[in-house]
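In: Okay, sequence plus prediction incoming.
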There are 2 protein chains.
Amino acid sequence: MNTARGRECSLANALAVVGERWSMLVLREVMLGQRRYDQILANTGANRDTLASRLRTLVDAGILERQQYEQHPPRYEYVATEAGLALQPILMSLMEWGNQYATSGPPPTVFTHSCGAELHPRTVCDHCGETLEPGNARIERLGAVR
Amino acid sequence: MNTARGRECSLANALAVVGERWSMLVLREVMLGQRRYDQILANTGANRDTLASRLRTLVDAGILERQQYEQHPPRYEYVATEAGLALQPILMSLMEWGNQYATSGPPPTVFTHSCGAELHPRTVCDHCGETLEPGNARIERLGAVR
DNA sequence: GTGGTAAGTTCGAATTTCGAACCAACCGCC
DNA sequence: GGCGGTTGGTTCGAAATTCGAACTTACCAC
């Protein structure tokens, strides 16, 4: 993804890696335990060469790792690295947003948290623990526009 | 964005709306207070027709609202609706992830929370307040694959 | 030896995005 | 009254990306 122009920003950098079409859905499948090419293919709906290309991008970016699980013929599966695991809460939050604003009817996919309750993610300020509300954040420093 | 095939999922639904190229960067600019076409154009780096198309998509999806601020000639600015504001914490979280895994050097953009501390978003379980860790979520129900 | 599985690659066709140019309507300047 | 600047786009043909479908390689089970 092109990041040459526009504001210098970590959001743009993040999107350069996971903002391409299918990338997030690939991560969803890996998160759901589907780690093999053909499973990811069927469950995302991407086509074969685009998926191969996306997987390469994600591996190169250090978000997924390619692990060989068979020698002859060589077969690989994809597992999340630390960086990939760190995206999980964000995918969950986007899924929650999708439930509220982009899905009619009951949520197709539901998780249970280890505390026993149905999982609904919420984003808080790491320092004070307060829920992040639009308007409670002030711009401290702004990336330059290139 | 095509959502015909693949797993039925609110993440896919969310991405059908905000997963297209430039959409999230447009939302970032609106979030930063840049609401006019030419500002958004310069600060994202998108080209003119793609930006016009993205703005239409976001308005149609109920994420942005087009507000006329001048009668002759008609001029518009774009403001976030409730659905758009609800995406702010997610953009902040993605920015935080980008800081850690996709940006070298100091973060280009920094926010301060109303509590006074530098803002670092964290995602928690809404019920128990515990930080979301990969592995603490169990799949309760899974969307079907179409 | 026939069919199935897995992880891709290759193909030409369709769609999307690209930069650059254009446009209409107004403004301030002198 | 003419000149340049601003705003919010549209139009263009060219380049890049994504599409579905077919093919490949290597193994296994029957």
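Out: Here it is on my side, so go on. Every value quoted in this text rests on a predicted model; they were computed, and no experiment measured them.
In: For A:Asp38, see how far away the residue of chain A positioned farthest from its centre is.
Out: Here chain A reaches farthest from its C-alpha mean at A:His72, the gap being 31.7 Å by Cα atoms, centre = their mean. Using Cβ to Cβ, to the nearest Å, A:His72 is found at 19 Å from A:Asp38. Backbone N, C-alpha and C define where each C-beta goes, glycine included.
In: Contact partners for A:Ala144?
Out: A:7-8, B:108 (Cβ atoms under 8 Å, 6 or more residues apart in numbering or on different chains).
In: Buried ones among the residues you listed?
Out: A:7-8, B:108 (16 or more other Cβ atoms under 10 Å in any protein chain shown).
In: for those, which one is nearest DNA strand D?
Out: Within the buried ones among the contacts of A:Ala144, the smallest distance to DNA strand D is 16.9 Å, found for A:Arg7 (Cβ to the nearest atom of the strand).
In: Would you mind naming what in chain A lies close to DNA strand C?
Out: Proximity of chain A to DNA strand C, by Cβ under 7 Å from any atom of the strand, involves residues A:2, A:5, A:36-39, A:48-49, A:52, A:55, A:66, A:69, A:73, A:75-77.
In: can I get the buried ones among the contacts of A:Ala144 in JSON lines with pLDDT, distance to A:Ser23 and secondary structure?
Out: Converted to JSON lines, these look like this (pLDDT from 0 to 100; distance: Cβ to Cβ, whole Å; DSSP: H, G, I helix; E, B strand; the rest coil):
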{"residue": "A:Arg7", "pLDDT": "95", "distance to A:Ser23": "21", "secondary structure": "strand"}
{"residue": "A:Glu8", "pLDDT": "95", "distance to A:Ser23": "22", "secondary structure": "coil"}
{"residue": "B:Pro108", "pLDDT": "97", "distance to A:Ser23": "22", "secondary structure": "coil"}
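In: near DNA strand D too, which of the residues you listed?
Out: Within the buried ones among the contacts of A:Ala144, nothing lies near DNA strand D by Cβ under 7 Å from any atom of the strand.
In: quick check, nearest of the residues you listed to B:Val145?
Out: Proximity of these to B:Val145 (Cβ to Cβ) peaks at A:Arg7, which lies at 37.9 Å.
In: Please report the distance of the closest one from DNA strand C.
Out: For A:Arg7, the distance to DNA strand C (Cβ to the nearest atom of the strand, to the nearest Å) stands at 15 Å.
In: Okay, and the beta partners of that residue?
Out: Per DSSP bridges, the residues bridged to A:Arg7 are A:Val145.
In: quick one: it and A:Val145 touch, right?
Out: Yes: counting by Cβ atoms under 8 Å, a contact exists between A:Arg7 and A:Val145, whose distance comes to 5.0 Å.
In: Need the overlap of contacts for those two.
Out: Here A:Arg7 and A:Val145 have B:Asn43 as joint contacts, going by Cβ under 8 Å, 6+ apart.
In: Which helix or which strand is home to the most centrally placed residue in chain A?
Out: When Cα atoms, centre = their mean is applied to chain A, the residue found nearest the centroid is A:Met24 (4.3 Å). For A:Met24, the host element (DSSP states H and E) is helix A:23-31.
In: and if you look at A:Ala12?
Out: helix A:10-18.
In: That helix and DNA strand D in contact?
Out: No: Helix A:10-18 does not reach DNA strand D (Cβ under 7 Å from any atom of the strand); its nearest approach is 11.4 Å.
In: Pull that helix out as CSV, backbone CA atoms only.
Out: Taking Å, rounded to 0.1, in the frame of the first residue of the first chain, the C-alpha atoms of helix A:10-18 are listed here in CSV:
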residue,chain,number,x,y,z
SER,A,10,1.0,5.6,12.7
LEU,A,11,-2.5,4.9,11.6
ALA,A,12,-1.4,5.2,7.9
ASN,A,13,1.6,3.0,8.7
ALA,A,14,-0.7,0.4,10.3
LEU,A,15,-3.1,0.5,7.3
ALA,A,16,-0.2,0.1,4.9
VAL,A,17,0.2,-3.3,6.4
VAL,A,18,-3.3,-4.4,7.5
